[in-house]
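A.B. asks: Below is the sequence, then the predicted model.
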Amino acid sequence: MNEFTDWDILRNLLLAARWTVALSIVSFIGGGIVGALLLLLRIGEGRAGQIFTKVYIELFQGTPLLMQLFLAFFGLGLFGIDVPAWLAATVALILWTAAFLVEIWRGCVESIAKGQWEASSSLGMGYLQQMRYVILPQALRIAVPPTVGFSVQVVKGTALTSIIGFVELAKAGTVLTNATFQPFTVYGFVALIYFCLCWPLSKSSQVLERKLNVAHRNH
Amino acid sequence: MSLIEITEVKKRFGDNEVLKGINIDVEPGEVIAIIGKSGSGKSTLLRCINGLETIDEGSISVAGAQLLPDELHLKALRLKVGMIFQQFNLFPHLSAGKNVMLSQMVVKKTPKAEAEEMAKKMLERVGLGHKFDAYPDQLSGGQQQRVAIARALAMEPIALLCDEITSALDPELVNEVLAVVKELASEGMTLLMVTHEMRFARDVCSRVVFMHMGRVHEIGRPEDVFANPKTPELKQFLGMQH
């Protein structure tokens, strides 16, 4: 039987962690784009768009991410569509991320004082101009810390994709445990790597919050 | 034809009728003070003239621009009347100069250089030429309110609505704002202001409107209204009862 050194374990975990990072980035950016589109529907005037996004958000926030992954992976399989694990994982995570980002961002837009709308209205600006020049620039600033903070949830969420067979950090940990019979060492390393990915994100979220608040003392 | 024509305006919030048929005609160059207890409907009336509130009955027109609830008519109306708010409502992410430039460029499509020149001129006019690059949170309340006035003036309105513009200011900052308003009045700007500054109303305004329970209760020249109030409500409001 092969002997595994700690370095062997760590090296293999780090290789797998690349997929965690890749999946996190793709999900976060994709979720951001889908979320931005949904946001326009959510706060726009159209009744149908509002209802659609509301139902969408309720569905994705009201069911476990694990179920969403199962449905994306096995659900489409039932219709004879062969979905590879990486595709199911990406799609599910993007849709899940979007559902949360929409609500975070909607809160930011609605936190802008009513007087800002009234002042820009009284100057003759239309809805899109108000959004573009007055509301969004302020809302974006408020949105940065919670958005970065949420990215931590996305990174941790990728761990669930191991269940449908996508080989990222958590899945690699399981495989290595089965080969080395050293669960404590292996999962210890796994946890450490997750922490190294997540901690800088949550830390920078705090730093950003303090920084952006200083530039925004009046609010 | 009057510059601002307010005819039989009624406004309800649910079951609460805030304006119960208001009639006021304002001539060009008039400075009108609207006084009254809180809840008398004076702020609501001002907000209606600018289309920030819709009206349920009656009509409002400013220099021929009718108040109608679609975006095109609202824009035409708002280009004719500027509004200044109690809470200043400057855009906190933009410098004073950019605050004054933004709507010119976005709404009127004025080229940047021209808008900047106008902004400098207007800030100069309110005595803040040197604060062009300052952000709102670096300015005192009085300075912020003067920037807000400059921002409204840069759109070259023919009338200005002032909604309790000194009420959020510390007492020592009130005068610098009133001085600017006084100057505008002397230059012939048409002004409608909701105010609690009775002395200012007496000295500067051409007419005073006393509102009570959603109606124009008394209207007249300040010397008549303040010296000889006809109704007990106005007497009481002015503290002249007993």
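C.D. replies: That came through fine. Residues are numbered from 1 along each chain as shown, chains lettered A, B, ... in the order given.

A.B. asks: my read: A:Met125 touches A:Val134, true?
C.D. replies: Yes - the criterion here is C-beta atoms under 8 Å, and A:Met125 meets it with A:Val134 at 7.2 Å. The way it works is simple: take the backbone N, C-alpha and C, and place the C-beta from them, glycine included.

A.B. asks: Strands of chain B, start to end?
C.D. replies: Along chain B, counting by DSSP state E, strands occupy B:4-13, B:16-26, B:31-35, B:57-62, B:65-66, B:81-84, B:159-163, B:190-194, B:207-212, B:215-220.

A.B. asks: and A:Met125 and A:Val134? which has more neighbours close in?
C.D. replies: In this view A:Met125 and A:Val134 are compared by other C-beta atoms under 10 Å in any protein chain shown, and A:Val134 has more residues nearby, 26 against 22.

A.B. asks: Not counting sequence-adjacent ones, nearest residue to that one?
C.D. replies: Using C-beta to C-beta, 6 or more residues apart in numbering or on different chains and skipping the chain neighbours, the partner closest in space to A:Val134 is A:Ser120 (4.6 Å).

A.B. asks: what does the helix or strand hosting the one you found contact?
C.D. replies: A:Ser120 belongs to helix A:114-122 when elements are defined using DSSP states H and E. For helix A:114-122, the surrounding residues in contact (C-beta atoms under 8 Å, 6 or more residues apart in numbering or on different chains) are A:129-130, A:133-135, A:138, B:50-52, B:74, B:78, B:82-83, B:85, B:87, B:89-91, B:103, B:148, B:152.

A.B. asks: now stretch B:188-203
C.D. replies: By C-beta under 8 Å, 6+ apart, the residues outside stretch B:188-203 that reach it are B:3-4, B:26-35, B:42-43, B:46, B:49, B:158-167, B:174, B:178, B:181-182, B:184-185, B:205, B:208, B:222-223, B:226, B:238.

A.B. asks: Distance from that stretch to the middle of the chain?
C.D. replies: The chain centre lies 9 Å from the centre of stretch B:188-203; the measure is C-alpha atoms, centre = their mean, to the nearest Å.

A.B. asks: Kindly check the end-to-end length of it for me.
C.D. replies: When the termini of stretch B:188-203 are compared using C-alpha to C-alpha, to the nearest Å, they are 15 Å apart.

A.B. asks: average pLDDT for that stretch?
C.D. replies: Stretch B:188-203 comes out with an average pLDDT of 92.

A.B. asks: can you check stretch A:66-76 too?
C.D. replies: On average, stretch A:66-76 scores 90.

A.B. asks: Phi and psi next, for B:Ile55.
C.D. replies: Backbone torsions of B:Ile55, given as degrees, to the nearest 10, read phi -110, psi 150.

A.B. asks: give me the number of residues near it?
C.D. replies: Applying other C-beta under 10 Å, we find 22 residues neighbouring B:Ile55.

A.B. asks: ok, now how distant is it from B:Leu3?
C.D. replies: Going from B:Ile55 to B:Leu3 by C-beta to C-beta, to the nearest Å gives 18 Å.

A.B. asks: For the helix holding A:Ser120, buried residues please.
C.D. replies: By 16 or more other C-beta atoms under 10 Å in any protein chain shown, the buried positions in helix A:114-122 come out as A:116-122.

A.B. asks: Turn those residues into CSV, including pLDDT.
C.D. replies: Formatted as CSV, the buried residues of helix A:114-122 follow (pLDDT from 0 to 100):
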residue, pLDDT
A:Gln116, 96
A:Trp117, 95
A:Glu118, 96
A:Ala119, 96
A:Ser120, 96
A:Ser121, 95
A:Ser122, 95
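
A.B. asks: remind me which residues of chain B are low pLDDT?
C.D. replies: Applying pLDDT under 70 to chain B flags the ranges B:241-242.

A.B. asks: Up against chain A, what does it have?
C.D. replies: Residues of chain B found near chain A (C-beta under 8 Å from any C-beta of the partner chain) are B:50-52, B:71, B:74-75, B:78-79, B:82-83, B:85, B:87, B:89-93, B:102-103, B:106-108, B:136-137, B:148, B:151-152, B:155.
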